[in-house]
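> Here is a sequence together with a model predicted from it:
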Amino acid sequence: MPANTMSNLDTLKSTFVDVIGVDPAIDFNSLVYGSTPGWDSVAHMALVAAIEGSFDIMLPTDDVIDMSSFAKAKEIVAKHGVALDA
Amino acid sequence: MKFDDLLKLPQYSLPYAEKERILLDGLNELDEHHRRNCPEYNRLVSVLWPDYRKAETLADLPYLAVGLFKSHRLCSIPKENIFKTLTSSGTTGQAVSQIFLDVETAQRQSAALSRIMTHTLGPNRLPMILVESSALLKDRARFSARAAGVLGMMTFGRDHFYALDEKMELDEKGLQAFLEKVNGKPFFMFGFTFMIWQYLYQRIADRSVDLSQGIMVHGGGWKKLQELAVSNDEFKRKLREKTGLSRIYNFYGLVEQVGSIYVEGENGYLFAPNYADVIVRDPLTWEPAPMGTPGVLQVLSLLPLSYPGHSVLTEDLGIIHGIDDAAGGRFGKYFSVLGRIPKAELRGCSDVHASQVSG
């Protein structure tokens, strides 16, 4: 599916799927840094870079430290002007 | 003051008298917590400080010699809550320290480290050069303390470039490409002191490479450089001469207290962050040494909940230069690390501990 037909929320989900390797059918709100298998500190760096790339945003240090769950990731990208309900 | 509130305060902003009160409350709580939850710690304290109840000053707090993290399994959480175990590198054949982390302690460490580093680097992540081998993080299942340290620092950068290949050769083409890409904007460089000297500085010393927009943070001990008679001043001067790099900050920290690091300020001294402090002890009496007198460094930290590493006697010599009166407006203690305690003396002091706790 071309990126421009995906909602921003789908894009965020597919970024998690690509980087962490979670099942696309998973309950995304259950994803937590450090306890979801595959989301370790190395993957976290890759995830941050991928999210920045997907939405063309730059996350400051505090947001990188703060992004400890999928729910937090949604909040953080929204704060950087990415509309997630579209 | 709660730890979360302490995190919000600007770094190095607490006048020492106030900081001392906050640390004393927090560390008394931590000591009680670890005595309740870590039987080994409780036993060590009851043998080494019989009748100990509560500290009236920071210097009264019990402390564990750093070697005890090698000989004892010091853990204050149930096995199933262990999120990560850090091990010190240690030379072959030597015992390694084992540090047990739960999720909360790991989070405290990264939150504290970020408050310290953003003070030096600013809030935004800069393009980053790692003076490290690209192979360092290949084995994700078993991280050395070195890899964990590097990984912790990577959070503060972006577009990470490993300057060394798997054979520790400088990737000069890659470095050139990195510098072209950042195009005169600030960038962050991180590495271990000796590796920067050996694998970066030595390789570029005969030509000019412009690193003037870099902010370099380096640590990991001076032992190898002392053997080559390279001091902190010379390290800085030579790098500046050859590369234009003027913002160079050494830091001091232990694997037993990840997240509590002491970063050099503009005056060339190391500063204790809001959550940590240092005490210098006279190695003959173990009483606190007067300011300006060298002795053995003890480090205090509010971060460790999952293991009793809140008060650790190091194997390093240091000297405290002043409190609250540094140029540049930073509060708290500032100090220098003078190197390792000579081996023979070290054996002496750990024997004392060992003979007191065996049995």
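That came through fine.
> and chain B, which of its residues are near chain A?
In this structure, chain B approaches chain A at residues B:83, B:103, B:106-107, B:110-111, B:114, B:117-118, B:121, B:123-125, B:137, B:140, B:151-152, B:154-156, B:158-160, judged by CB under 8 Å from any CB of the partner chain. Using the backbone N, CA and C atoms, a C-beta is placed for each residue, glycine as well.
> how about the helices in chain A?
Here chain A has its helices, by DSSP state H, at A:8-20, A:41-55, A:61-66, A:70-79.
> distance of the residue nearest the centre of chain B from chain A?
Among the residues of chain B, the smallest C-alpha distance to the mean C-alpha position (CA atoms, centre = their mean) belongs to B:Gly253, namely 1.2 Å. Relative to chain A, B:Gly253 is positioned 17 Å away (CB to the nearest CB, to the nearest Å).
> Please report phi then psi for the closest residue to that residue other than its chain neighbours.
Distances taken as CB to CB, 6 or more residues apart in numbering or on different chains put B:Ile261 closest to B:Gly253, at 3.8 Å, once the chain neighbours are dropped. With angles defined as degrees, to the nearest 10, B:Ile261 sits at phi -110, psi 150.
> any idea of the pLDDT on the most centrally placed residue in chain A?
When chain A is reduced to its mean C-alpha position, the closest residue under CA atoms, centre = their mean turns out to be A:Leu12, at 4.8 Å. The model reports A:Leu12 with a pLDDT of 96.
> Hmm, it is touching A:Glu75, no?
No: under the criterion of CB atoms under 8 Å, A:Leu12 is not in contact with A:Glu75, lying 11.2 Å apart.
> Count the residues that sit near B:Leu228.
11 (other CB atoms under 10 Å in any protein chain shown).
> dump the residue contacts of it.
Residues touching B:Leu228, when contacts are defined by CB atoms under 8 Å, 6 or more residues apart in numbering or on different chains, comprise B:Trp197.
> And the closest residue to B:Thr105 other than its chain neighbours, how far from B:Pro10?
Using CB to CB, 6+ apart and skipping the chain neighbours, the partner closest in space to B:Thr105 is B:Ser306 (4.3 Å). B:Ser306 sits 28 Å away from B:Pro10, taking CB to CB, to the nearest Å as the criterion.
> of these two, who's got more company?
When neighbours are counted by other CB under 10 Å, B:Ser306 and B:Pro10 differ, and B:Ser306 comes out ahead with 26 against 10.
> Doesn't the more buried one belong to a helix?
No: inclusion of B:Ser306 in a helix is not indicated when DSSP: H, G, I helix; E, B strand; the rest coil is applied; the result is coil.
> Now do it, the pLDDT please.
pLDDT recorded at B:Ser306 is 98.
> how about low-confidence regions in the chain?
With no chain named, the answer covers chain A. A:1-5, A:86 (pLDDT under 70).
> That was the other one, I meant chain B.
Applying pLDDT under 70 to chain B picks out residues B:89-93, B:139-143, B:344-359.
> ok, residues contacting the top strand by length along it?
With secondary structure taken from DSSP state E, chain B has its longest strand at strand B:311-323. Applying CB under 8 Å, 6+ apart, the contact partners of strand B:311-323 are B:16, B:27, B:31, B:61-67, B:69, B:252, B:254, B:256-257, B:269, B:278, B:280-281, B:291-300, B:332-341, B:346.
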